[in-house]
Structures are given as C-alpha cells and as structure tokens.
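Colleague: Starting from these lines, generate the structure:
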Amino acid sequence: MNGRAVRYFLGHILRWEAILMLPALIISVWDRSWGAINGFLLTIAGLLLVSSLLLFLGQKGDHSIQAREGFVIVGLGWVLMSVFGALPFFISGGIPRFVDALFETTSGFTTTGGSILTNIEGLSRGLLFWRSFTHWIGGMGVLVFVLAIVPQSKGNGESLHLLRAESPGPDVGKVSPTMRKTTQILYAIYIGLTLVTFVLLLLGGMPAFDSFCNAVGAAGTGGFAIKNAGIAAYSSYSQTVLSFAMLLFGVNFSVYYLILTRQALRAIMDEELHWYLGIILGTLVVLVWNTRHLFTSLGEAIHHVFFTICSIITTTGFSTVDFNTWPEFSKWILVLLMFMGASAGSTGGGMKVSRILILVKSLKNQVLQMVRPRSVHLVRLNKKAVEPATVRGVHVYTMAYFFILAISALIVSLDNFDGISTLTGVIACISNIGPGLNMVGPTGNFSQFSDLSKIVFSLDMLFGRLEIFPMLLLFSPAAWRRKG
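Modeller: Below you'll find the predicted structure:
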C-alpha cells in the first residue's frame with residue numbers, strides 16, 4: 001500500500017470539499033443565517049486543517065498508485081466526504097442528530113435522494129443549497145473532478161485506476177488519449193447540460209434558487225426536492241424540462257462525446273442507448289394503459305407517467321405524483337426499473353442497462369452451450385466481443401449486489417416495519433434511487449427507522465454509488481498491507 005499517495009489524494013479531495021462549501025456559506029451570510037454560517041465556517045476550518053495535514057504527510061515521495069490504492073482512495077474519500085459534509089447540518093442544528101445528518105449527506109453525495117426530513121422547507125437556504133449541491137458533486141464523482149484539476153506525477157496509469165474505482169458501469173475506458181483530458185471532457189459535458197437545464201427552468205418562471213437546486217438535482221440524478229410538495233409544486237412546463245433532463249443525464253456520456261466529435265452515427269448505433277430508450281418507451285405505454293383511470297385525461301397520464309419513469313430508471317427520485325397509489329402491476333414494474341437503473345457512464349445508479357444486457361446474453365449463451373456443448377459463443381455489445389474478465393466481473397458484481405441487499409434487508413427488518421417498506425427501502429438505497437414503496441414512498445421518508453438501519457442504509461448508498469468493490473476492499477485486511 002502506497003500510504004503517501006493515499007494521503008496525497010485524500011488531502012486534495014477534502015480541500016476541494018472545503019472550497020465547494022463556499023457558495024453555501026455565501027448564501028448563508030447573505031441570509032444572515034447565523035447557525036448555518038457557524039456550521040459551514042467550523043466545517044471548512046476542519047476540512048482545511050485535516051487536508052493540509054494529509055497533504056503535508058503525502059506531498060513528498062512516489063504518488064503512483066495501483067488498483068488497490070485506487071479503490072482505497074475512492075472508498076475512504078467518499079466516506080470522509082460524507083462525514084465532513086454532514087457537519088454543517090449537525091453543527092447548525094438544522095439536523096440535530098448526527099446519524100440523521102450523515103444519512104442525509106450520504107444520500108446527497110451518492111445521488112440517492114432519500115431523506116429523513118419531515119419539513120424540508122424548515123432548513124435555511126444555505127443548508128438547502130448544500131444539500132442539493134452534494135448531488136451535483138457526487139453525480140460525476142469528486143475523483144473525476146480532482147483528476148481534471150490536479151496534475152499527476154508519472155502517468156503510470158494512476159488516473160485510470162481512480163476513474164475505474166469511481167465511475168459507474170462494467171468497464172471504463174478513455175474517450176481521449178489522456179485520462180486528464182478525458183475527465184475534463186466529461187466535466188465540460190456535465191456542466192454544459194446542467195447550465196442548459198438551469199436556463200430552461202428559469203425561462204419557465206421558476207425562481208433562480210429553485211432552478212439551480214432542481215437543475216443540479218436532475219444533473220446528478222439525485223432527487224432532493226427543496227419543497228415539501230416535491231416537483232408537484234412547479235408548473236407542467238418545469239416538470240417536462242426536468243423529465244427530459246433526467247432522461248439525458250441517464251445516457252452514457254460517451255454518446256455525447258461522439259456527437260461532439262462528429263461521430264453521430266456511432267452514437268446513434270449504441271446498443272445500450274437503444275435498449276435504454278426502448279425500455280422507457282415500452283414502459284410508458286404499459287404504465288399509461290394501467291394507470292389511465294387515475295388521471296383526468298390521457299395527456300395528464302402520459303405527462304406524469306413519463307416523468308415518473310424517467311425519475312425511476314435514472315434513479316433520480318423526483319416525484320410529481322404519489323406512485324404508491326398506483327396499481328400493483330405498475331408499482332412492481334417501477335421496482336424492476338429501480339434494479340436496472342440507467343446507462344453505464346451516466347450519473348444514474350442501479351445495476352446499469354449494459355450489465356443487464358451482458359447478463360441476458362450470458363444466459364442465452366449458456367442455454368446454447370447446453371444444446372451444443374462444443375460450440376463457442378461470445379457476449380457482444382455493439383457488435384464487439386466483451387472481454388471474459390468483464391463478463392466475470394458483471395457476474396460477481398450481481399452476486400455481491402444481491403448478497404448485500406439480502407443482508408441489509410435482514411438487519412433492517414429488526415425495526416419490524418412491513419416487508420415492502422423494508423425491502424424497497426434497501427433497494428432504493430443500494431440502487432441510489434431515494435423513494436421506495438409504502439412508508440418510504442414519494443410522500444414518505446426514512447425518519448422512522450432506527451439508527452442501526454440508517455447506518456445500514458448509508459452504507460448501502462455508498463456500496464451502490466461506488467459499485468460495491470471499493471467499499472468491500474475497505475473491510476479487507478489485505479488492502480491495508482504494506483506489500484502484496
């Protein structure tokens with residue numbers, strides 16, 4: 001384990017977290033919200049102190065890292081970010097219990113959107129801003145941001161190790177010859193789409209503060225609303241803008257890069273994109289048919305069902321209606337979408353469409369292999385063979401996903417709430433969605449669960465956002481050995 005490199009990168013992560021808190025502090029000063037001001041000032045001071053110490057201890061020596069260090073840096077970085085990010089809520093008294101503040105902040109950074117708040121509008125604007133801004137920070141990934149800003153020392157692949165540990169999907173590659181250029185391109189696309197969403201919401205008459213918070217929530221596919229009524233508090237125009245924004249942020253960002261580099265045909269022919277859009281369209285038809293009687297017109301049904309599907313499949317979690325009142329058939333289709341999630345390489349959570357495709361094609365190949373034992377069948381995406389190591393990784397990931405889900409549900413069941421709330425609460429956290437069904441539905445929250453369950457939910461959110469393995473490695477003694 002290269003301890004110096006770990007300390008070096010963690011120091012940069014925490015320093016940038018302090019810098020990213022400044023806009024929320026400025027808003028708190030403008031509003032003269034003294035509790036929030038105190039919370040942000042003390043937290044920023046603590047972050048700068050700890051980050052300076054880590055950078056001092058890690059500044060000299062070799063900063064090159066291997067896969068093990070990459071996973072540890074990402075896992076520890078996200079845990080520390082969540083702990084420090086919770087302090088403004090706790091110190092200010094906005095969320096008086098630290099476990100609750102940690103749950104809320106972890107939910108923000110992991111772009112889950114599940115909440116323990118029963119009165120969202122009771123928070124100051126500075127705290128609401130920070131709460132929503134954590135979605136945007138976590139959506140693309142803080143390590144992606146650091147890689148775009150911080151020069152690397154030797155170019156021995158350390159950037160790729162970090163990007164692979166943090167980025168969603170079964171495989172991570174470069175869209176440009178260098179990893180730093182890749183991360184800069186990804187962030188340029190991310191910022192551009194966020195600004196377009198913000199401007200469109202402004203043009204619809206939404207206040208600037210609300211437009212920003214909702215735009216970054218859609219961009220990070222996070223789902224923290226700043227109104228007690230959620231997105232139902234806004235116009236149909238604003239809801240439509242957010243529907244398409246969520247849909248676009250659920251697309252693999254490599255597709256946008258191909259379009260920008262005049263390779264639109266390659267982008268259009270992307271197999272995962274076809275399935276992603278096809279699933280949305282097919283689900284829209286089925287759910288409108290099943291829920292039509294709940295709405296006053298066909299147009300209203302299409303509007304709210306489309307919004308809900310985009311929100312669930314991209315794991316954003318915004319809501320305009322309470323889908324908990326929909327027929328059972330529709331609710332369980334939404335649960336299936338919760339499992340699947342958006343595209344790899346997007347800001348969405350879940351298992352990812354590409355993993356589902358690999359699993360389905362692996363199953364098909366296994367059946368064919370049983371019929372013709374001597375035949376050889378490869379899993380292909382976009383007409384290219386998927387590396388066997390990638391296919392094995394998808395199988396192991398799926399097994400680990402459901403194992404963690406089962407253990408988590410077992411622990412949470414100690415609270416003795418109904419099974420649907422328990423199970424969908426865990427699914428909502430590990431898939432980074434936010435709302436589940438019953439007591440954790442669109443009009444509910446996680447406030448009634450015990451501290452133990454909230455800690456389990458927080459871990460599940462981190463497992464889901466980091467795609468399991470960086471968090472698992474933190475619990476492995478082998479990860480902390482100096483050699484090997």
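Colleague: Which residues are in contact with the residue nearest the centre of the chain?
Modeller: Central residue of the chain (CA atoms, centre = their mean): Thr111, 3.8 Å from the mean position. Residues near Thr111 by CB atoms under 8 Å, 6 or more residues apart in numbering: 135, 138-139, 220-223, 315-316, 347, 349, 432, 465. The way it works is simple: take the backbone N, C-alpha and C, and place the C-beta from them, glycine included.
Colleague: Please repeat the previous calculation with a cut-off of 6 Å.
Modeller: Taking CB atoms under 6 Å, 6 or more residues apart in numbering, we find Thr111 in contact with His135, Gly138, Gly139, Gly220, Thr221, Gly222, Asn432.
Colleague: Okay, and which of those residues map to helices?
Modeller: His135, Gly138, Gly139 (DSSP state H).
Colleague: Relative to Phe244, which of those is nearest.
Modeller: The closest of the ones in helices among the contacts of Thr111 to Phe244 turns out to be Gly139 (CB to CB; 16.8 Å).
Colleague: Show me what the strand or helix carrying Tyr257 is in contact with.
Modeller: If you go by DSSP states H and E, Tyr257 is part of helix 253-260. Contacts of helix 253-260 with the rest of the structure, by CB under 6 Å, 6+ apart, involve Val175, Leu186, Ile189, Arg266, Ala267, Asp270, Leu273, Gly345.
Colleague: what would the residues you listed look like in CSV with distance to Ile427 and secondary structure?
Modeller: Formatted as CSV, the contacts of helix 253-260 follow (distance: CB to CB, whole Å; DSSP: H, G, I helix; E, B strand; the rest coil):
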residue, distance to Ile427, secondary structure
Val175, 31, coil
Leu186, 28, helix
Ile189, 29, helix
Arg266, 34, helix
Ala267, 31, helix
Asp270, 27, coil
Leu273, 25, helix
Gly345, 22, coil
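Colleague: What's the PyMOL line that selects buried ones from the residues you listed?
Modeller: In PyMOL syntax, the buried subset of the contacts of helix 253-260 is picked out as below (16 or more other CB atoms under 10 Å):
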select buried, resi 175+186+189+267+270+273+345
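Colleague: Closest one of the contacts of helix 253-260 to Leu22?
Modeller: Using CB to CB, these come closest to Leu22 at Leu186, 23.3 Å.
Colleague: That closest one and Leu294, how far apart?
Modeller: 40 Å (CB to CB, to the nearest Å).
Colleague: swap in Pro442?
Modeller: 14 Å.
Colleague: More neighbours: which of those two?
Modeller: Neighbours per residue (other CB atoms under 10 Å) separate Pro442 from Leu294, with Pro442 holding more: 25 against 16.
Colleague: And for the residue lying closest to the more buried one once chain neighbours are set aside, the neighbour number?
Modeller: Among residues not flanking Pro442 along the chain, Ser319 sits closest, at 3.8 Å (CB to CB, 6 or more residues apart in numbering). Neighbourhood size, Ser319 [other CB under 10 Å]: 25.
Colleague: Looking at the contacts of helix 253-260, spot the one nearest Thr325.
Modeller: Distance to Thr325 across these (CB to CB) is lowest for Leu273, with 32.4 Å.
Colleague: how near is that closest one to Ala245?
Modeller: For Leu273 relative to Ala245 (CB to CB), the value is 17 Å.
Colleague: among the helices and strands of this protein, which has the poorest mean pLDDT?
Modeller: Lowest on mean pLDDT, DSSP states H and E among the helices and strands of the chain sits helix 158-166, with a mean of 54.
Colleague: what about Gly205, which helix or strand?
Modeller: Of the helices and strands defined by DSSP H and E, none includes Gly205.
Colleague: Listing request: residues of the stretch 51-200 of the chain with sub-threshold pLDDT.
Modeller: 61-65, 142-180 (pLDDT under 70).
Colleague: Which stretches in it count as helices?
Modeller: 67-92, 98-109, 125-140, 142-149, 158-166, 179-203 (DSSP state H, counting those that start in this stretch).
Colleague: how about those helices in a markdown table, adding distance to Ile280?
Modeller: What follows is the helices of the stretch 51-200 of the chain, written out as a markdown table (distance: least, CB to CB, whole Å):
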| stretch | distance to Ile280 |
| --- | --- |
| helix 67-92 | 29 |
| helix 98-109 | 25 |
| helix 125-140 | 20 |
| helix 142-149 | 26 |
| helix 158-166 | 26 |
| helix 179-203 | 18 |
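Colleague: Quick one: closest of those to Arg15.
Modeller: helix 142-149 (9.4 Å).
Colleague: Going along the chain, name the strands of this protein.
Modeller: Taking DSSP state E, the strands of the chain run over residues 380-381, 384-385.
Colleague: highest average neighbour count across these?
Modeller: Ranked by mean neighbour count under mean count of other CB atoms under 10 Å, the strands of the chain are led by strand 380-381, which reaches a mean of 16.
Colleague: Report the rounded mean pLDDT for it.
Modeller: For strand 380-381, mean pLDDT rounds to 86.
Colleague: Excluding its own residues, what touches that strand? List them.
Modeller: With CB under 6 Å, 6+ apart, strand 380-381 has contacts from Glu271.
Colleague: Kindly report the same for stretch 232-248.
Modeller: Outside stretch 232-248, the residues within contact range by CB under 6 Å, 6+ apart are 197, 200-201, 204, 206, 218, 227, 231, 306-307, 310-311, 314, 316, 320.
Colleague: next one: stretch 205-215
Modeller: With contacts defined as CB under 6 Å, 6+ apart, stretch 205-215 is touched by Ser132, Thr194, Thr197, Phe198, Leu201, Leu202, Ile226, Ser238.
Colleague: The residue nearest to Val79 when sequence neighbours are not counted and Leu452, how far apart?
Modeller: Spatial nearest neighbour of Val79, chain neighbours left out: Leu462 (6.9 Å); criterion: CB to CB, 6+ apart. Computed with CB to CB, the distance linking Leu462 and Leu452 is 16 Å.
Colleague: neighbour count winner among those two?
Modeller: Neighbour comparison, Leu462 and Leu452: the larger count goes to Leu462, with 23 against 13 (by other CB under 10 Å).
Colleague: any idea how far the residue lying farthest from the centre of the chain lies from Leu368?
Modeller: Ranking residues of the chain by C-alpha distance from their mean position (CA atoms, centre = their mean) puts Arg374 at the top, at 42.4 Å. Per CB to CB, Arg374 is found 11 Å from Leu368.
Colleague: now swap in Val29 and tell me
Modeller: According to CB to CB, Val29 stands 65 Å off from Leu368.
Colleague: Could you tell me which residues make contact with Phe56?
Modeller: Per CB under 6 Å, 6+ apart, neighbours of Phe56: none.
Colleague: An error on my part: the question was meant for Phe98.
Modeller: Phe90.
Colleague: What residues of stretch 272-283 count as buried?
Modeller: Applying 16+ other CB under 10 Å to stretch 272-283 flags Glu272, Leu273, Trp275, Tyr276, Ile279, Ile280, Thr283 as buried.
Colleague: mind checking pLDDT for the fourth one?
Modeller: At Tyr276, the pLDDT value in this model is 95.
Colleague: list the contacts for it?
Modeller: Ser343, Val353.
Colleague: coming back round to it: what angle sits between the helix holding Tyr257 and helix 125-140?
Modeller: 80 degrees (axes from the mean of the first three to the mean of the last three CA atoms, to 10 degrees).
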